[in-house]
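A.B. asks: Model the structure of this input:
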Amino acid sequence: MFLRRKNIGKVGVRIQDPRGVVMSEALSIHHDQAGHQFETNVDGHRAYLTYMDLGKQTLDIYRTFVPNALRGRGIAAALTEKALEYAEEMGYTVIPSCSYVERYMERHQRHAAKLSQ
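C.D. replies: Residues are numbered from 1 along each chain as shown. Just a heads-up that it's a prediction; the model follows:
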């Protein structure tokens, strides 16, 4: 059995080191369609966003996870943005069961139309 992984490309993320220096980092985000998740590996740590395809063009995004060592780098936002872009391209309605994704969608009004009640 082969898992389909789609490399979606690099996403720029801005991070700030302990001295306050702002750097940018390119993330390579993969869409594992069989596993229903978007994932990235940074510095040996795996961060991911998982969803369920509920049928009828509806995705339930129910979890984002970023290890403590990677938090504060915008990785959850990058994963969320890629998942929402995928949903939009495919014509899906999104149910944001994950509280992070729900807040992200509220803050970024362009995705608010895809918010399913």
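A.B. asks: By mean pLDDT, point me to the weakest helix or strand of the chain.
C.D. replies: Sorting the helices and strands of the chain by mean pLDDT, DSSP states H and E puts strand 5-16 at the bottom, at a mean of 47.
A.B. asks: Relative to Gly44, how far out is Leu84?
C.D. replies: Distance of Leu84 to Gly44, computed by Cβ to Cβ, to the nearest Å: 27 Å. For every residue, glycine as well, the C-beta is placed using N, CA and C.
A.B. asks: More neighbours: the two, which one.
C.D. replies: Leu84 (23 against 7; other Cβ atoms under 10 Å).
A.B. asks: after the one helix or strand the more buried one maps to comes which helix or strand?
C.D. replies: Under the criterion of DSSP states H and E, Leu84 resides in helix 75-90. Sequence-wise, the next helix or strand downstream of helix 75-90 (DSSP H and E) is strand 93-96.
A.B. asks: Next SSE downstream of that following strand?
C.D. replies: In N-to-C order, the element after strand 93-96 by DSSP H and E is helix 99-107.
A.B. asks: For that next one, enumerate the helices and strands it packs against.
C.D. replies: Helices and strands touching helix 99-107, by 3 or more Cβ pairs under 8 Å, 6 or more residues apart in numbering; DSSP states H and E, are strand 58-65, helix 75-90, strand 93-96.
A.B. asks: Next, the buried residues of it.
C.D. replies: Residues of helix 99-107 classed as buried: Tyr100, Val101, Tyr104, Met105 (neighbour count, 16 or more other Cβ atoms under 10 Å).
A.B. asks: Surely the last one and Cys98 touch.
C.D. replies: No: taking contacts as Cβ atoms under 8 Å, Met105 lies outside contact range of Cys98: 10.1 Å.
A.B. asks: Spatially nearest residue to the residue most central in space within the chain (excluding sequence neighbours)?
C.D. replies: Against the mean C-alpha coordinate of the chain, by Cα atoms, centre = their mean, the closest residue is Leu79 at 1.9 Å. Leaving aside its sequence neighbours, Leu79 sits nearest to Leu49 (Cβ to Cβ, 6 or more residues apart in numbering; 4.2 Å).
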